[in-house]
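Asker: okay, sequence plus prediction incoming.
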Amino acid sequence: MPRTAVDITDVSTGTGTMRASGSLLAAGLVCCAAVACGGVHSEPEDQPRNAVLVSDSAGVTNVDLGAVEQLALPGLTPTLVFSTRDLGIELYWVGDAVLLGNGGLALANTGSSEVLIFSGDGSTTARIGGQGEGPGEFSSVTTLLGTDEGFLAYDARLARLSEFSASGEFLTSSPLSPQSAIVSLKPLARDRGGNMLAILGEQRFFLPEGMKRDTTPILSFTDSGTEPDTLGMLPAQEWAYGGMPGGGMTRTEPAFGRNIAAGGFRDRALIGDNDVLSLSVYAADGRLTRLIRGSGGGWTVTDEEIEAWRAARLARRGPDVPDYYVEFVRNAPWRETHPAFHSAVLGPDEMVWVGLATRAGGETRRWLVLGPDGHPRGRLDLPADASVLAVDADRFVLLRTNALDEEEVRLYRYR
């Protein structure tokens, strides 16, 4: 069951009542918005634009990257450790990955309802889970989070967190509140006290033709058996909507649309909005611990880039594209500027990888590697169509999908 693009969505969705609460995280969202607008820190007039400024304010690390395209950074060297393709492992819709403390790798093979466990060199593997609702089984495993003992696996359909050792031994499971099963929940961070931050993957707005950004609440679980608190609302995925024959609705990601960047590493969560280069790191209990800001992207989209996007979108539907969909793509709205950045990934000790914006058709994407102290360690130029799934101090996991929707995961070391 290879991954395929889904552009037609149904109208059904689940909703539930979530308590709203004030918190340090909610205050941090306001602070983050102010930083993104340049309203908190000012750069000294004699400071070169390609210098990174790091400061501390009330326990929050503030990182000012300036103009990221002007940063002169040393190139880091990646070395391939292993590839799932070289190992002969067939993947079906990779959902997530986590680098384990014992040097191994856990990979959510979501389409097969399993988690694959690799040793540090890829020489041995284990498959855990399988379709089912019993202990250690999955219906749809979508998110992995590292722990001191191994990792947590979140099952979106069963609304359940299962804990495994680094070798894949099932340890325990805990159901989340019942309403979590009817929404697309994404856990971001959980600490030893049971505090957990999460967001919703999509809310599904259905509108007349046009473009709209989805929203997502930031949810705080203090007890897995109770309803979460809503700590704030953020703009999420941007969609373009259009009608179809019979009164249905179609949607697709608009060209150069905006989205939320959200991920985690153990008890820390990374949240940002690629409309501006502003990222925030939170502890699982909602405390703001780091702010990262800068400027990037924002270039005007050219006519050639729009035409290339339309051609690629139609090619994804195959040779027999319905006329209504051709018309929809040809008239779909688009953003007139590129996003400020592409994506971001959190690593240990609050190190952050930032994938910069790149021109349409570019073969590589530049990634900034920010160390735990906030200063850049260097840069990596990786394939533009690849996704970085997980990082740590000297390793990263890369996902690539070819024209046949065949997936390959690669583990690299870098220095």
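Answerer: Structure received. All values reported here derive from a predicted model rather than from experimental measurement.
Asker: pass me the low-pLDDT residue ranges in the chain, would you?
Answerer: 1-50, 178-183, 202-208 (pLDDT under 70).
Asker: which one's the longest strand in it?
Answerer: strand 229-243 (DSSP state E).
Asker: show me what that one packs onto, helices and strands only.
Answerer: strand 19-20, helix 24-36, strand 196-200, strand 210-221, strand 249-252, strand 260-265, strand 268-273, helix 323-331 (3 or more C-beta pairs under 8 Å, 6 or more residues apart in numbering; DSSP states H and E). In short, each C-beta sits where N, CA and C put it, glycine included.
Asker: can I get the ones you listed in CSV including mean neighbour count?
Answerer: Listed next are the helices and strands packed on strand 229-243 as CSV, based on neighbours: other C-beta atoms under 10 Å:
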stretch, mean neighbour count
strand 19-20, 11
helix 24-36, 19
strand 196-200, 24
strand 210-221, 20
strand 249-252, 19
strand 260-265, 24
strand 268-273, 25
helix 323-331, 15
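Asker: Thr84 is nearest to which of the ones you listed?
Answerer: For the helices and strands packed on strand 229-243, distance to Thr84 was read as C-beta to C-beta. The smallest value, 21.1 Å, belongs to strand 260-265.
Asker: and for the closest one, what's in contact with it?
Answerer: Residues from elsewhere that reach strand 260-265 (C-beta atoms under 8 Å, 6 or more residues apart in numbering): 145-146, 186-189, 197, 199, 216, 234-237, 269-274, 279, 341, 343-348.
Asker: of the residues you listed, buried ones?
Answerer: 145-146, 186-189, 197, 199, 216, 234, 236-237, 269-274, 279, 341, 343-347 (16 or more other C-beta atoms under 10 Å).
Asker: may I see the buried residues of the longest strand of the chain?
Answerer: Here strand 229-243 shows 229-232, 234, 236-242 as buried, counting by 16+ other C-beta under 10 Å.
Asker: out of the residues you listed, what pair is the most spread apart?
Answerer: Longest span within the buried residues of strand 229-243, C-beta to C-beta: Asp229 and Gly242, 36.3 Å.
Asker: report the beta-bridge partners for Trp353.
Answerer: Applying DSSP bridges to Trp353 gives these bridge partners: Val345, Val369.
Asker: burial of it, as a residue count?
Answerer: Trp353: 21 surrounding residues under other C-beta atoms under 10 Å.
Asker: let me see the contact set for it.
Answerer: Counted by C-beta under 8 Å, 6+ apart, Trp353 has contacts 344-345, 347, 367-370, 388, 391, 396.
Asker: now do 6 Å
Answerer: Taking C-beta atoms under 6 Å, 6 or more residues apart in numbering, we find Trp353 in contact with 345, 367, 369, 391.
Asker: from those, which is closest to Ala357?
Answerer: Once C-beta to C-beta is applied, the member of the contacts of Trp353 that ends up nearest Ala357 is Trp367, at 11.8 Å.
Asker: how many neighbours does that closest one have?
Answerer: Counted with other C-beta under 10 Å, Trp367 comes out at 22.
Asker: would you confirm that it contacts Leu380?
Answerer: Yes. Counting by C-beta atoms under 6 Å, Leu380 is a contact partner of Trp367 at 4.7 Å.
Asker: given the helix or strand containing Val281, what are its sheet partners and their directions?
Answerer: Val281 belongs to strand 277-283 when assigned by DSSP states H and E. Strand 277-283 pairs in its sheet with strand 268-273 (antiparallel), strand 288-295 (antiparallel), by DSSP bridges.
Asker: contact partners of the last one?
Answerer: When contacts are taken as C-beta under 6 Å, 6+ apart, the neighbours of strand 288-295 outside the stretch itself are 24, 28, 35, 60-68, 277-283, 350.
Asker: just the shortest one next, same as before
Answerer: Counting by C-beta under 6 Å, 6+ apart, the neighbours of strand 268-273 from elsewhere in the structure are 188-189, 197, 260-263, 278-282, 344, 346.
Asker: columns distance to Ala97 on top of the residues you listed, output as TSV?
Answerer: Shown next, in TSV, are the contacts of strand 268-273 (distance: C-beta to C-beta, whole Å):
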residue	distance to Ala97
Leu188	15
Ala189	16
Leu197	19
Ile260	19
Ala261	17
Ala262	16
Gly263	11
Ser278	26
Leu279	20
Ser280	23
Val281	20
Tyr282	22
Ala344	16
Leu346	13
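Asker: show me what contacts Val354?
Answerer: 341, 344, 368.
Asker: from the residues you listed, which is closest to Asp155?
Answerer: Out of those, the member with the shortest distance to Asp155 (by C-beta to C-beta) is Ala344, at 25.5 Å.
Asker: Gly132: neighbour count?
Answerer: For Gly132, using other C-beta under 10 Å, the count is 12.
Asker: ok, now how distant is it from Gly150?
Answerer: 20 Å (C-beta to C-beta, to the nearest Å).
Asker: from one end of stretch 160-173 to the other, what's the distance?
Answerer: For stretch 160-173, the first-to-last residue distance is 7 Å (C-alpha to C-alpha, to the nearest Å).
Asker: what does it contact?
Answerer: Under C-beta under 6 Å, 6+ apart, the answer for stretch 160-173 is 100, 102, 117, 126, 128, 135-136, 149-154, 174-175.
Asker: for Glu69, which non-adjacent residue is closest in space?
Answerer: Gly296 (6.0 Å; C-beta to C-beta, 6 or more residues apart in numbering).
Asker: my guess is the one you found meets Ala67, correct?
Answerer: No. Counting by C-beta under 6 Å, Gly296 stays clear of Ala67, with 7.1 Å between them.
Asker: looking at these two, which is more packed in?
Answerer: Gly296 (25 against 12).
Asker: so what's the more buried one up against?
Answerer: 68-69, 277, 340-341, 356-357.
Asker: which of those residues has the most neighbours?
Answerer: Phe341 (28 neighbours).
Asker: list the contacts for that one?
Answerer: 274, 277, 296, 354, 356-357.
Asker: what's opposite it in the beta bridge?
Answerer: Under the criterion used (DSSP bridges), Phe341 bridges to Leu356.
Asker: ok, it to Ala357 distance?
Answerer: Counting by C-beta to C-beta, the gap from Phe341 to Ala357 is 6 Å.
Asker: same question for Arg127.
Answerer: Applying C-beta to C-beta to Arg127 and Ala357 gives a distance of 37 Å.
Asker: again with His338
Answerer: For His338, the distance to Ala357 - C-beta to C-beta - is 5 Å.
Asker: okay, and the common contacts of these two?
Answerer: Gly297.
Asker: what's in contact with stretch 236-245?
Answerer: By C-beta under 6 Å, 6+ apart, stretch 236-245 touches 207, 209, 211, 213-216, 250-252, 254, 257-260, 324, 328, 332-333.
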